[in-house]
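>>> Sharing a model that was predicted from the sequence below.
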Amino acid sequence: MPAALLVVAADEGWAAQTEDHVRALHALNVSKGVLAVSRSDLADPSTTLAEAVDRLASTSLAGIPAVAVSAATGEGLDRLRRALDDLVMAMITPDPRAQVRPMARSLFRGSWERYRGHRHPAGGNCAPR
């Protein structure tokens, strides 16, 4: 398991189940992830956010990005998407010894324009030569 999305509800705070999950992730040495404090429309997320960051400080997840979100209002969802996107892009480490074949262009032949500008998992944007 290379990364985790840890979700803690702002109105419920850190729970025993959260502690169990963090212990398991720490035992697996998972060091990449995003902390999402959800339901921020129901309670001030700052207390839960501070507590979660404090509890994660002594684990392999110390220092992961943290975002307060509300599905009901949409607040913070763009920040969460960016944090997850950054996480995934940072996890992709191309092997410089790997043989790379230009297959993408032949796969999208005839419909390449609809992929122009989309992010490619290996980095950069899709664009025809």
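Thanks, I have the structure now.
>>> hey, let's count contacts and neighbours off CA atoms from now on
Fine.
>>> which residues of this structure fall in strands?
According to DSSP state E, the chain carries its strands in the segments 3-9, 32-38, 66-68.
>>> most tightly surrounded among those strands?
strand 32-38 (a mean of 24; mean count of other C-alpha atoms under 10 Å).
>>> which residues touch it?
By C-alpha atoms under 8 Å, 6 or more residues apart in numbering, the surrounding residues in contact with strand 32-38 are 2-10, 45, 48-49, 61, 64-71, 80, 83-84, 87.
>>> what's the pLDDT at residue 90?
Note for residue 90: predicted pLDDT of 83.
>>> quick one: it from residue 54, how far?
24 Å (C-alpha to C-alpha, to the nearest Å).
>>> Residue 12 too?
If you go by C-alpha to C-alpha, the gap between residue 12 and residue 54 works out to 16 Å.
>>> Show me what residue 36 bridges to in the sheet.
residue 7, residue 67 (DSSP bridges).
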